[in-house]
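> With the sequence up front, the predicted model follows.
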Amino acid sequence: MDYNKLVKDCIREIPAAQRQLYDHFAETMLGVCYRYTKSTADAEDVLQDGFVKVYKHLHQYKQQGELGGWIRRIMVTTSLNFLKKRSRNRHEFSFENEHLHPVVDDNPELKITGKELANLIRQLPVGYQTVFNLYAIEGYSHVEIGELLGINEGTSRSQYSRARNLLISWIENNNEYINKTGLYVGN
Amino acid sequence: MSETNFEKNVQHEMLGFKLKPSEEVWTKVEERIRKKKRRRFIFILFFAGLALLGYWQRDLLFSEKETAATEPVTLPQKKISIVDSIKTIIPENINKEVQVRENTEKNKNALTKNQKQIDPVKGKIFSVKNEKQIIKTPDIVVARVIEISVKPTIVPDKSIIEQSKETHIEQSKEAQILKDSSTVSIAAENKINDSKEISVINSDTLISKEIEKISENKVQKDTIQKVESKADSLVEMKKLPAISKKWKWGVQLTPGIATFVDQFILISSQKSADFAGAPSGPIPTPPASPSERKSGFAFQLTGFAQKRISAKTEFSIGVQYGYYSDRIQVGDSRLLSLSASQPQPLFGVTQGYRAANPNISITNRYHFLELPMEFLFQLNKKPTKPFYLNLGLTAGQLISTNALVYDTSFGGIYFDGKKQLNKTQFSLTTGFLWAITAKKLQWSVGPVINVHINRFQDNSFENDKYLLMPGIRTKIIFPDKK
């Protein structure tokens, strides 16, 4: 697919081009938004907001880097803004120390599907979920996460560590169940 | 970056993770992007409509012909009105005997039984008994007035005065018609100038003096004829003046107050999409709230052209500089170290002011270049002191600003917010104007309010979005160059 032409057509507001761009990236981006939110409805709201921003700011895409990566960053930003707005009064984002879950295997085999893994990530507390997504999947460093979230690097590291352990413990439980029953356990 | 295989596996799984969205998502996305396009289209349509209206009415806007006046009033009618005006001069209960000259033979016929014949030589008394007599003998009365006034002057009817142009009548011992378009006082103390003193018969002394003068036999027949011709001039004066359709030029200054409101009165405020700023995540404590926005000083300076398009309507178009301001309180400045390896697609901010602990007062200033268009509807009947209702539309472009915008990132921060402002603004204007003419300039003053109809900034973290400016407009229109 010729992304340059597609972008130009979208800037010219050709409806067919806009629909084509959406169809090409919507499923992947919904997967991104899904990991940051707690429900499919919230994920779709974020996806909607994200694509409106994409079309609005497409003229700023300077073709440095992949178009998918550029759109992905917008989706991450939109997801974080969404979480921020929701948490303004609810204090959902808390970085209080969660109970540290001991793990047996630091690198367990993932015997679960992508969606099941995503669902496990979504079950983490919001703060853990956000740090885990940014570090383990989006590839931000702890310094960058600290700047983005307004926390220091050490806090980011500790929160990620706790999130990781919690997730691994759930995966281990899942693996154990699978080993015993041969059935996947997932939400 | 992955520390172990776990991270790599997770990343591998999640980057390929896809979910199919419902069809409703695209429907809503499309609706939102088309809505913006529709709004733009509506504005374009509106201006196209104005342009069409201007083209349709181009004859009115660009024609400099003066419209024809009404038909002149015929002399006899005019004389009657002169007589009517004289009624106002001569008190109704006057019972003074004045000496007049007989002017024409026909006037003899008009004499009633109660009236004595005038002896032009000896100057007999001619008594006036009632007003009807005056009406019946307009010529006599005209002559009489001429001869009994200190200076031969006819005071025209007020209605004539209001509708007449300036005229000049030769002065001698003939009748003179005042050159004045305003109300003429007919009191004895009213003086136009030394040679044009008007006198009203309200003094016995005055009358007797005039009688003496008249008895000298100085008023001649041709004088009366001249009076008649002057009366003709009065008739001409009664023609209504042409409506000038030339463009008039002027300047106006509107000082006022700029304030931001949450909701435009006709269009409800809609929450914009999330602010696409730096990716900012949740924080342990709620961010500091945005500062209250206080109203600031504003003014508009306009150069305009104005033209009458009908008897009671004028159209004005101009170029305007608009200055608006508001005030906020912010905390200390801070540097924002954003990662260079993650380029922000939508904006990059490196410096800002904390929202917490506000101790610095900042004035946000907005400089606009605007194109105002207005219709002025005259509500009263006085052409010399019109009272207008004005309705207008202004398109403006932000050319410079130092505005700070709020975001919840970094615990609440203010930063350079030019990109978050809608630089093209449309506003509606309405108000009243009282106008007077002095020293050939038309001065107008009146209250006006300017309401912006599109959102001033796209920031979902702040409420006040629509600019409102009430003010007092002062306007000067320069005279036509002849």
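Arrived safely, thanks for sending.

> Who are the packing partners of the helix or strand of chain A with the lowest mean pLDDT?
Every helix and strand in chain A was compared by mean pLDDT, DSSP states H and E; the lowest is helix A:153-181, with a mean of 81. If contacts are counted by 3 or more C-beta pairs under 8 Å, 6 or more residues apart in numbering or on different chains; DSSP states H and E, helix A:153-181 sits against helix A:114-122, helix A:126-132, helix A:142-149. Heads up, the C-betas are built off the backbone N, CA and C, glycines and all.

> As TSV, those helices with distance to residue B:294 would be great.
Output for the helices and strands packed on helix A:153-181, formatted as TSV (distance: least, C-beta to C-beta, whole Å):
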stretch	distance to residue B:294
helix A:114-122	44
helix A:126-132	36
helix A:142-149	32
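
> and those helices, which is most packed in?
helix A:126-132 (a mean of 25; mean count of other C-beta atoms under 10 Å in any protein chain shown).

> Just the CA atoms from the helix or strand encompassing residue A:71 would do, formatted as CSV, please.
Taking DSSP states H and E as the criterion, residue A:71 maps to helix A:67-90. Provided in CSV are the C-alpha atoms of helix A:67-90 (Å, rounded to 0.1, in the frame of the first residue of the first chain):
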residue,chain,number,x,y,z
LEU,A,67,2.6,5.8,9.6
GLY,A,68,1.5,2.9,11.8
GLY,A,69,4.0,4.0,14.5
TRP,A,70,2.8,7.6,14.3
ILE,A,71,-0.8,6.6,14.6
ARG,A,72,0.1,4.3,17.5
ARG,A,73,1.7,7.1,19.4
ILE,A,74,-1.5,9.1,19.0
MET,A,75,-3.6,6.2,20.3
VAL,A,76,-1.3,5.9,23.3
THR,A,77,-1.6,9.6,24.0
THR,A,78,-5.3,9.5,23.6
SER,A,79,-5.5,6.5,26.0
LEU,A,80,-3.5,8.2,28.6
ASN,A,81,-5.6,11.4,28.3
PHE,A,82,-8.7,9.3,28.6
LEU,A,83,-7.4,7.7,31.8
LYS,A,84,-6.2,11.0,33.1
LYS,A,85,-9.7,12.6,32.6
ARG,A,86,-11.4,9.7,34.3
SER,A,87,-9.0,9.7,37.2
ARG,A,88,-9.3,13.5,37.9
ASN,A,89,-11.7,13.0,40.7
ARG,A,90,-11.6,9.3,41.3
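
> Stretch A:129-141 and chain B in contact?
Yes - using C-beta under 8 Å from any C-beta of the partner chain, stretch A:129-141 comes into contact with chain B via A:130, A:134, A:136-137, A:139-141.

> From the residues you listed, keep the buried residues only.
For these, a burial check counting by 16 or more other C-beta atoms under 10 Å in any protein chain shown picks out A:130, A:134, A:136-137, A:140-141.

> right, and the pair among those with maximum separation?
A:130 and A:141 (14.9 Å; C-beta to C-beta).

> Flag every buried residue along the helix or strand hosting residue A:35.
Assigned by DSSP H and E, residue A:35 falls within helix A:15-36. By neighbour count on 16+ other C-beta under 10 Å, the buried set for helix A:15-36 is A:17-18, A:21-22, A:24-26, A:28-36.

> before we move on, back to that, keep only those of the residues of stretch A:129-141 next to chain B that are in helices.
Using DSSP state H, the subset of those located in helices is residue A:130.

> Tell me which residues of stretch A:155-162 come out buried.
A:155-156, A:158-160, A:162.

> then that stretch to CSV, C-alphas only?
The C-alpha trace of stretch A:155-162 is given here as CSV (Å, rounded to 0.1, in the frame of the first residue of the first chain):
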residue,chain,number,x,y,z
THR,A,155,8.8,4.7,41.1
SER,A,156,8.4,3.6,37.5
ARG,A,157,10.8,0.8,38.0
SER,A,158,9.3,-0.5,41.2
GLN,A,159,5.8,-0.3,39.8
TYR,A,160,6.7,-2.1,36.7
SER,A,161,8.4,-4.8,38.7
ARG,A,162,5.3,-5.4,40.8
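
> can you give me the strands for the stretch 301-450 of chain B?
Secondary structure of the stretch 301-450 of chain B (DSSP state E, counting those that start in this stretch): strands located at B:313-330, B:333-335, B:351-354, B:360-378, B:387-401, B:404-407, B:413-416, B:424-438, B:441-452.

> now residue B:474: how far from chain A?
Distance, residue B:474 to chain A, by C-beta to the nearest C-beta, to the nearest Å: 41 Å.

> any idea of the angle the least confident helix or strand of chain A forms with helix A:142-149?
For helix A:153-181 against helix A:142-149, the angle by axes from the mean of the first three to the mean of the last three C-alpha atoms, to 10 degrees is 100 degrees.

> gap between helix A:153-181 and the chain center?
Averaged C-alpha coordinates place helix A:153-181 at 17 Å from its chain's average position (C-alpha atoms, centre = their mean, to the nearest Å).

> How about it, which residues are buried there?
Across helix A:153-181, burial judged by 16+ other C-beta under 10 Å covers A:155-156, A:158-160, A:162-172, A:174-175, A:178.

> Next up, the contacts around the residue of the stretch 101-250 of chain B at minimum distance from chain A.
Residue of the stretch 101-250 of chain B nearest chain A, by C-beta to the nearest C-beta: residue B:247 (39.7 Å). Contact partners of residue B:247, counting by C-beta atoms under 8 Å, 6 or more residues apart in numbering or on different chains, are B:305-307.

> Quick check: ChimeraX command selecting the buried ones in these.
Buried subset of the contacts of residue B:247, written as a ChimeraX selection, criterion 16+ other C-beta under 10 Å:
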select /B:306,307
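
> of all the contacts of residue B:247, which comes closest to residue B:472?
residue B:306 (18.9 Å).

> just to revisit the earlier point, helices or strands up against the helix holding residue A:35?
If you count contacts as 3+ C-beta pairs under 8 Å, 6+ apart, helix A:15-36 packs onto helix A:3-11, helix A:40-57, helix A:67-90, helix A:114-122, helix A:126-132, helix B:23-56.

> Of all these, which one is nearest residue B:453?
Of those, nearest to residue B:453 by C-beta to C-beta is helix B:23-56, at 9.3 Å.

> What mean pLDDT does that closest one get?
Averaged over helix B:23-56, pLDDT sits at 76.

> again, but for stretch A:41-61
Rounded mean pLDDT across stretch A:41-61 is 91.

> re the thing from before, just the residues of stretch A:129-141 next to chain B: which are in strands?
Among those, no member falls in strands (DSSP state E).

> how about the residues of stretch A:129-141 next to chain B in JSON lines, adding distance to residue B:17 and pLDDT?
Output for the residues of stretch A:129-141 next to chain B, formatted as JSON lines (distance: C-beta to C-beta, whole Å; pLDDT from 0 to 100):
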{"residue": "A:130", "distance to residue B:17": "17", "pLDDT": "92"}
{"residue": "A:134", "distance to residue B:17": "16", "pLDDT": "93"}
{"residue": "A:136", "distance to residue B:17": "13", "pLDDT": "92"}
{"residue": "A:137", "distance to residue B:17": "9", "pLDDT": "92"}
{"residue": "A:139", "distance to residue B:17": "15", "pLDDT": "89"}
{"residue": "A:140", "distance to residue B:17": "18", "pLDDT": "90"}
{"residue": "A:141", "distance to residue B:17": "22", "pLDDT": "91"}
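
> Mind putting the residues of stretch A:129-141 next to chain B into JSON lines with distance to residue B:451?
As requested, those are exported to JSON lines (distance: C-beta to C-beta, whole Å):
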{"residue": "A:130", "distance to residue B:451": "42"}
{"residue": "A:134", "distance to residue B:451": "44"}
{"residue": "A:136", "distance to residue B:451": "51"}
{"residue": "A:137", "distance to residue B:451": "48"}
{"residue": "A:139", "distance to residue B:451": "48"}
{"residue": "A:140", "distance to residue B:451": "45"}
{"residue": "A:141", "distance to residue B:451": "49"}
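
> ok, the residues of stretch A:129-141 next to chain B vs residue B:259, which is closest?
Taking C-beta to C-beta as the measure, residue B:259 lies nearest residue A:130 of the residues of stretch A:129-141 next to chain B, at 38.2 Å.

> circling back: quick one: the least confident helix or strand of chain A to helix A:114-122, angle?
Using the same axes, to 10 degrees: helix A:153-181 against helix A:114-122 is 130 degrees.
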